[in-house]
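Novice: Next comes the sequence, and after it the predicted model I'd like to discuss.
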Amino acid sequence: MLALEALASRKIIPSEVIGMKKVIIVGGGFAGASAALELQSPNVQVELIESRGMLGGRFYSFPPTQNFPFPIDNGPHLMMGCYHETLRLFKKINALSQLTMMHPLQLSWVLPNQQKQVLHCSNLPAPFHLLFGLWNSKAFTWKDKMNLVQSLHRFKKKPFSLPTHLVTVEDFLSYIKASPNTQELFWNPLCKSILNLPPQVALIRSLGEVFSQAFFQSIMDSRLVFFSKPLSEIFFPNFKKIFESNHGLIHYHEGIQEIKIQNKTFELISKNQKCFSGDALILAIPPYSIHRFSLNAEWIRTLNFESLGKSSIMSVHLVLSQAIFHEPFLGLPYSPFDWIFNQTQNWNYQTQEQYLSLVRSASSQDTLNSDAFWIQEAEKVLRSRFKINPDLKILYSKVTREMAATFVWNQTNDALRPSSETSFQNIFLAGDWTQTHLPATIESACLSGYLAASKVKTFLNIN
Ligand SMILES: Cc1cc2nc3c(=O)[nH]c(=O)nc-3n(C[C@H](O)[C@H](O)[C@H](O)COP(=O)(O)OP(=O)(O)OC[C@H]3O[C@@H](n4cnc5c(N)ncnc54)[C@H](O)[C@@H]3O)c2cc1C
């Protein structure tokens, strides 16, 4: 309590308090925020350094403009009930009310013949909730249902019941003889949205990891979790309030360019030539940023950051003059897009117009086709899938592309994902790309922050 009392009695900045440990975290995305909250305590001063003028990292939205009068997410994000570490953080900062939980799980698709199909799980304990949903769904034939049940059952327990020669999701689908219908409605969209990789590249064990947690633990783990506001209004405004009220310091616009390490101490130098140092450091930034520091470290040489592939996500955002459906989101099988999100409903906008975002995950080179091309593709899909009034107009449109939404972890490089420890005793790593055994998701980022913070606590001998 010594440090807190000193703070209360004198107007000094916390890091000047004798005996207080200082931890520097570089990177203000979910990984950095998770580590920061985990470390804040009366005897630890946490400083967060971020290169941009805002927190959130890859989780952000663009403000409304004259050309598009609503906020635009850089890509709609979804989470699941099995994102335990993320949900714990939202709870910690009183932000659970920003989330909409879909319970029980429901997946809906609109087919090329304009029919809608649903998989509506029940309230039964897992995995019977899913079995019930599959049993009653008209989206699949009986043969498909049996095939799905038997295939998913392989992920019930670890080690998964998979022949060792099966590496990718595509290998697995051909092994289980998945029908084109189950591939289009179930396997492909889930693989692409969870791993942001096509089945040809995605590792079946990574997908199995998420299926095992989502479908075979508690029924609450399979809930789909949406955000009830644009991304920039979610989590980080609350985080900032809580972090700063506990004496946390945030340095914006301080892109770190260099790390000097000498005799177990480190010094960070930012683009503005500001210097930062502390007792421990967490680098919660993407690997290519770390690579630029030219740190003389073995783990940097082992993992060839330059060779890491990147997987993109593209979204087409449209405002229509009238609403064409009311579900929060729909699958779009047999189309260039995976899902269509109903932002008017998800963000509770009271308007006659309808704001939709169509998403293409794990997109390939064609992402770079022109905006006009993708807007036309989106319009074609809408006009062919929904019974649309001929007067319907697209009032506003916008295309967003995240070319490096996630890194490509495949058969050759997955084992090289580094853990949070480095060869420097007081420097740690975090980020969705580090070794969490999870795909590159918000949950992986939050878990990595927690793991790095736990190592820092052990190193500094604090709890
Ligand atoms: C379009 C899109 C859709 C997605 N959809 C989903 C989804 O539906 N569900 C899901 O779970 N995940 C989704 N993801 C992935 C998810 O957003 C990421 O996994 C997560 O946000 C990564 O967090 P992070 O903290 O590891 O990294 P980042 O968010 O990349 O944060 C790193 C931070 O470090 C800062 N930084 C970098 N270099 C420096 C430097 N040298 N000095 C100082 N600061 C620096 C950056 O500015 C950034 O703020 C999506 C990603 C994108 C792009």
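Specialist: Nice, thanks for sending it over.
Novice: Give me the residues contacting stretch 268-280.
Specialist: Residues outside stretch 268-280 that contact it (Cβ atoms under 8 Å, 6 or more residues apart in numbering): 15, 21-24, 26, 47, 49, 51, 251, 253-260, 265-267, 281, 426-428, 456, 459-460. The way it works is simple: take the backbone N, C-alpha and C, and place the C-beta from them, glycine included.
Novice: 7 Å - rerun?
Specialist: 21-24, 26, 47, 49, 254-259, 265-267, 426, 428, 456, 459-460 (Cβ atoms under 7 Å, 6 or more residues apart in numbering).
Novice: Just after the helix or strand hosting residue 192, pick out the following helix or strand.
Specialist: Assigned by DSSP states H and E, residue 192 falls within helix 188-195. For helix 188-195, the following helix or strand on the C-terminal side (DSSP H and E) is helix 204-216.
Novice: Mind giving me the packing neighbours of that following helix?
Specialist: Applying 3 or more Cβ pairs under 7 Å, 6 or more residues apart in numbering; DSSP states H and E, one finds that helix 204-216 makes contact with helix 169-175, helix 188-195.
Novice: Now do that helix, average pLDDT.
Specialist: Regarding helix 204-216, the rounded mean pLDDT is 93.
Novice: again with stretch 331-342
Specialist: 97.
Novice: what about dumping the CA coordinates of it to PDB?
Specialist: Included here for stretch 331-342 are C-alpha records, laid out as PDB according to Å, rounded to 0.1, in the frame of the first residue of the first chain:
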ATOM      1  CA  GLY A 331     -24.800 -16.700 -44.600                       C
ATOM      2  CA  LEU A 332     -24.400 -16.200 -48.400                       C
ATOM      3  CA  PRO A 333     -23.400 -19.700 -49.700                       C
ATOM      4  CA  TYR A 334     -22.400 -20.000 -53.400                       C
ATOM      5  CA  SER A 335     -21.600 -16.300 -53.600                       C
ATOM      6  CA  PRO A 336     -18.400 -14.300 -53.500                       C
ATOM      7  CA  PHE A 337     -19.300 -13.200 -49.900                       C
ATOM      8  CA  ASP A 338     -19.400 -15.300 -46.700                       C
ATOM      9  CA  TRP A 339     -21.900 -13.300 -44.600                       C
ATOM     10  CA  ILE A 340     -24.000 -10.200 -44.700                       C
ATOM     11  CA  PHE A 341     -24.400  -8.300 -41.500                       C
ATOM     12  CA  ASN A 342     -27.500  -6.200 -40.700                       C
END
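Novice: Is residue 314 in a helix, a strand, or coil?
Specialist: strand (DSSP: H, G, I helix; E, B strand; the rest coil).
Novice: wouldn't it be in contact with residue 405 here?
Specialist: No: proximity of residue 314 to residue 405 does not meet the contact threshold set by Cβ atoms under 7 Å, at 9.1 Å.
Novice: Out of the two, name the residue with the larger neighbour count.
Specialist: Between residue 314 and residue 405, counting by other Cβ atoms under 10 Å, residue 314 is the more crowded of the two (24 against 19).
Novice: Please list the residues of this protein that sit near the ligand.
Specialist: 26-32, 49-52, 57-59, 74-75, 77-79, 255-256, 284-286, 289, 313, 402, 405-406, 431-432, 440-442, 445 (Cβ under 6 Å from any ligand atom).
Novice: ok, of those residues, which come out buried?
Specialist: Buried by 16 or more other Cβ atoms under 10 Å: 26-32, 49-51, 57-59, 74-75, 77-79, 256, 284-286, 289, 313, 402, 405-406, 431-432, 440-442, 445, out of the residues of the chain next to the ligand.
Novice: Residue 108 against residue 118, yeah?
Specialist: Yes: using Cβ under 7 Å, residue 108 makes contact with residue 118 at a distance of 4.7 Å.
Novice: can you map out the strands along the stretch 101-250 of the chain?
Specialist: In the stretch 101-250 of the chain, the strands defined using DSSP state E, counting those that start in this stretch lie at 106-110, 116-120, 224-227, 249-251.
Novice: now those in a markdown table, with mean neighbour count and mean pLDDT?
Specialist: Output for these, formatted as a markdown table (neighbours: other Cβ atoms under 10 Å; pLDDT from 0 to 100):
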| stretch | mean neighbour count | mean pLDDT |
| --- | --- | --- |
| strand 106-110 | 20 | 96 |
| strand 116-120 | 17 | 96 |
| strand 224-227 | 20 | 94 |
| strand 249-251 | 18 | 98 |
